[in-house]
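Visitor: next input, structure requested:
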Amino acid sequence: MEFSPLDPLSTFVFFFAVIDPIGTVPVFLAVTQDYDARARRRIAMIATLVSAAVLLFFVVGGELLLSAMNIPLSAFQVAGGVVMFLFALTMIFGESKPEEEVRLARRHSDRAIFPLAIPSIASPGSMLAAVMTTENARYSLSEQINTAGIMLSVVFITLVLMLASSWIDRVIGRSGASVVSRVMGLILSAVAATSVLTGIQTFFEL
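Guide: Numbering: from 1, shown residues only. A predicted model of the protein is given here:
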C-alpha cells in the first residue's frame with residue numbers, strides 16, 4: 001500500500017487498516033467480559049494511553065533503535081506474529097489457560113496492557129507503520145508530526161469504539177462474547193501466520 005504524507009486521507013486509511021479499531025472491539029469484549037462498566041472504561045483508557053505512548057516511541061526513536069541494534073523490520077513481523085498466534089490460542093481455548101494467567105487477567109493494568117494495548121492496538125503492523133511512515137530520510141519534521149497526529153486520531157477512534165462496546169455487550173451477552181472471542185481467535189491466528197510468513201519471505205528475499 002502506497003503512503004503519501006501529503007494526503008491526509010490516504011494516511012488515515014493506512015493507519016486505520018493497520019491499527020484496525022473495529023477489530024479491537026471483539027478482543028476488548030472477550031477480555032473484559034467479567035468486568036463491570038467502570039472497570040471496562042478504566043481498561044480502555046489505560047490501553048489507549050499505553051498504545052499511544054508505544055506508537056509515539058516508534059515514531060520518534062524506532063528507526064534509530066532498530067538501526068542501532070541491527071534488527072531488520074521483517075523481524076518485527078515474525079516476532080509479532082508468534083505473540084499474536086499465542087494470544088489467538090487463548091481466545092480459542094480460553095478454558096485451558098493456566099491459573100497464573102487467569103489470575104493476572106483479573107488485574108486491570110495487566111489486561112489493559114496485554115493483549116489490548118499490545119498487540120491489539122499497538123500491533124507489530126502499526127509499529128512498523130509508525131517507523132516506515134516517519135523515516136527521517138524521506139519525510140520532513142512537519143510531515144512526520146502530521147502523520148503522528150493522524151495516527152493518534154485512529155487510536156482515539158479505537159478508544160471511542162471500546163467505550164461503546166458496553167452497549168454491544170448488553171446486546172449480545174456473555175455467550176455472544178464467547179462466540180465472538182473464538183471467531184476472532186481463528187481470524188487472528190490466520191493473520192498471525194500471514195505475518196510470520198511475510199516476515200520470513202522478506203528476510204530471506206524469497
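Visitor: mind checking how far residue 50 is from residue 31?
Guide: 14 Å (C-beta to C-beta, to the nearest Å). Heads up, the C-betas are built off the backbone N, CA and C, glycines and all.
Visitor: give me the more crowded residue out of the two.
Guide: residue 31 (25 against 19; other C-beta atoms under 10 Å).
Visitor: residue 157: how many residues sit nearby?
Guide: Counted with other C-beta under 10 Å, the neighbours of residue 157 add up to 17.
Visitor: quick one: contacts for the closest residue in space to it that isn't next to it in sequence?
Guide: Spatially, and ignoring its direct neighbours in sequence, residue 157 is nearest to residue 21 (4.9 Å; C-beta to C-beta, 6 or more residues apart in numbering). By C-beta atoms under 8 Å, 6 or more residues apart in numbering, the contact set of residue 21 is 154, 157, 158, 161.
Visitor: and the residues you listed as TSV, adding pLDDT and distance to residue 171?
Guide: Below are the contacts of residue 21 laid out as TSV (pLDDT from 0 to 100; distance: C-beta to C-beta, whole Å):
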residue	pLDDT	distance to residue 171
154	93	25
157	93	21
158	93	20
161	87	15
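Visitor: in the helix or strand that contains residue 30, what's buried?
Guide: Residue 30 belongs to helix 21-31 when assigned by DSSP states H and E. Across helix 21-31, burial judged by 16 or more other C-beta atoms under 10 Å covers 21, 23, 24, 25, 26, 27, 28, 29, 30, 31.
Visitor: show the pLDDT at the fifth one.
Guide: Looking at residue 26, its pLDDT reads 74.
Visitor: residue 139 in helix, strand or coil?
Guide: coil (DSSP: H, G, I helix; E, B strand; the rest coil).
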